[in-house]
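Asks: Quick one, structure for this:
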Amino acid sequence: MSAAAVVLIVVAIVGLVVVAMAVQSLIHTLRSLRETVDDLRRQTLPAIAELRATVAAANGEIARVDTLLDTAEEVGARVEATSRLTWLVLRNPLVKLASASVASDRVARRLSRAQPDDTSVVSPLALERPDRRVDSRRDRRRGRGPSRRDRRAG
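Replies: Modelled structure (predicted):
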């Protein structure tokens, strides 16, 4: 055996030792990884079960809210239909009532203007000046107002 063969055998043995140590480290890492996965599985399985229960409860609530929304839409549609029907039924009487109210208000105003005011003082016709012409509203509208002489005298 030559020196080169001995060196090759030593290098091979050192290589085998390095590979054995690497395999040993790999086995240790794999065991550690397996323990970590088992730990993770033990912790996540209850969390996943709880999450499934929460999702099931949320789905139940969503179904309940969906039912409530459907009911609310039906109630809204019924209220809208009732409102429309009420408006169609009551529109004509309400318009007539409003017209009657406006008309009665106008009549009341005209009657209040037509009645003499008790607080105002009315002078007797005998005390008015006889030469003064008394104009009516109709005469004033037709342009027949008092003459210039009557206006200067008054």
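Asks: What segments of this protein are helices?
Replies: Applying DSSP state H to the chain gives helices spanning 3-114, 137-141, 148-153.
Asks: Next, format the ones you listed as CSV and append mean neighbour count and mean pLDDT.
Replies: Every residue, glycine included, has its C-beta placed from N, CA and C. What follows is the helices of the chain, written out as CSV (neighbours: other Cβ atoms under 10 Å; pLDDT from 0 to 100):
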stretch, mean neighbour count, mean pLDDT
helix 3-114, 10, 93
helix 137-141, 10, 55
helix 148-153, 10, 60
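Asks: Please report how far Ile48 lies from Thr82.
Replies: 50 Å (Cβ to Cβ, to the nearest Å).
Asks: my bad, Arg41
Replies: Per Cβ to Cβ, Arg41 is found 60 Å from Thr82.
Asks: One more: Ile13?
Replies: Taking Cβ to Cβ, one finds Ile13 at 99 Å from Thr82.
Asks: same question, Leu26
Replies: Distance from Leu26 to Thr82, by Cβ to Cβ: 79 Å.
Asks: so what's Pro46 up against?
Replies: Under the criterion of Cβ atoms under 8 Å, 6 or more residues apart in numbering, Pro46 has no neighbours.
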